[in-house]
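**Q** Need a 3D model of the following:
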Amino acid sequence: MSQFSIAVIVGSLRKESLNRKVARALAELAPSSLKLSIVEIGDLALYNEDIDLDSPPAAYSAFRQALQGADGYLFVTPEYNRSVPGVLKNAIDVGSRPYGKSAWGKAKPAAVVSVSPGAIGGFGANQHLRQSFVFLDVLCMQQPEAYLGNAGTFFDEQGRLNEKTRPFLQGIVDAFAEHVARTLKV
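**A** Presented below is the predicted three-dimensional model:
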């Protein structure tokens, strides 16, 4: 069985964010067919074509190489003001430019997990991110949808995933593994 490299994009910069904790938990729960690795986005300057033309910043180049080297993508994001965080939108823009040279690749599989301490679970961010995927030609897993509300209750004081949440996250990452295999026709 092949192992697929999955770039995990976390839409929160805080080291101990709930989103980062969920991303780590998903990586631990992933079946052997997936290798999930977080690709950092905090060092990406705001996208500006003027600094990208002749000599792109090193952070842009490293990020694009990580995207190009991945077989698929897993986005784990909070919701800010009913949409995606600016840092995540910026990462999408950096990866998609210069125009016509998107590093996101053609028809690669992806999934979105939105995570929130609130009850709605980041529905707005999840849906807005899916809209960007249409332009990027990224094939998003449709089901199960993953809106994780009340995420502050998922981990104990030591940061360990609780047993009540584990089966739900296991179902998400297992479904994503099937989506990756189906999309890549393996």
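
**Q** Please make it C-alpha for all contacts and neighbour counts, starting now.
**A** Fine.

**Q** Just list the residues touching the closest residue to residue 142 other than its chain neighbours, thanks.
**A** Excluding the flanking residues, the one nearest residue 142 by CA to CA, 6 or more residues apart in numbering is residue 111, at 8.0 Å. Listed by CA atoms under 8 Å, 6 or more residues apart in numbering, the contact set of residue 111 reads 73, 74, 75, 140, 141, 142, 176.

**Q** And the helices in this structure, which stretches?
**A** 18-29, 49-52, 58-69, 86-96, 123-136, 166-183 (DSSP state H).

**Q** neighbouring contacts of the third one?
**A** I take that to be helix 58-69. Contacts of helix 58-69 (CA under 8 Å, 6+ apart): 5, 7, 39-41, 43-45, 94-95, 103-105.

**Q** before we move on, what about the longest one?
**A** Outside of helix 166-183, the residues within contact range by CA under 8 Å, 6+ apart are 25-26, 29-31, 33-34, 72, 108-111, 139, 141, 143-144, 146.

**Q** which parts of that helix are buried?
**A** Of the residues in helix 166-183, those buried by neighbour count under the rule 16 or more other CA atoms under 10 Å are 169, 170, 172, 173, 174, 175, 176, 177, 179, 180, 181, 183.

**Q** So in terms of bridging, what pairs with the most centrally placed residue in the chain?
**A** Closest to where the C-alpha atoms of the chain average out (CA atoms, centre = their mean) is residue 75, at 1.4 Å. Under DSSP bridges, the beta-bridge partners of residue 75 are residue 9, residue 112.

**Q** Hmm, residue 112 and it touching each other?
**A** Yes. Using CA atoms under 8 Å, residue 75 makes contact with residue 112 at a distance of 4.8 Å.

**Q** Quick one: residues contacting the nearest residue to residue 23 once chain neighbours are set aside.
**A** Closest residue in space to residue 23, ignoring its immediate chain neighbours: residue 76 at 6.3 Å, by CA to CA, 6+ apart. Residue 76 makes contact with 8, 9, 10, 11, 19, 20, 22, 23, 112, 113, 114, 115 under the criterion CA under 8 Å, 6+ apart.

**Q** same thing with residue 75?
**A** Counted by CA under 8 Å, 6+ apart, residue 75 has contacts 8, 9, 10, 11, 110, 111, 112, 113, 114.

**Q** In terms of pLDDT, where does the residue nearest to the centre of the chain sit?
**A** Listed pLDDT for residue 75 reads 98.

**Q** separation between residue 182 and residue 173?
**A** Counting by CA to CA, to the nearest Å, the gap from residue 182 to residue 173 is 14 Å.

**Q** Over to residue 81?
**A** 27 Å.
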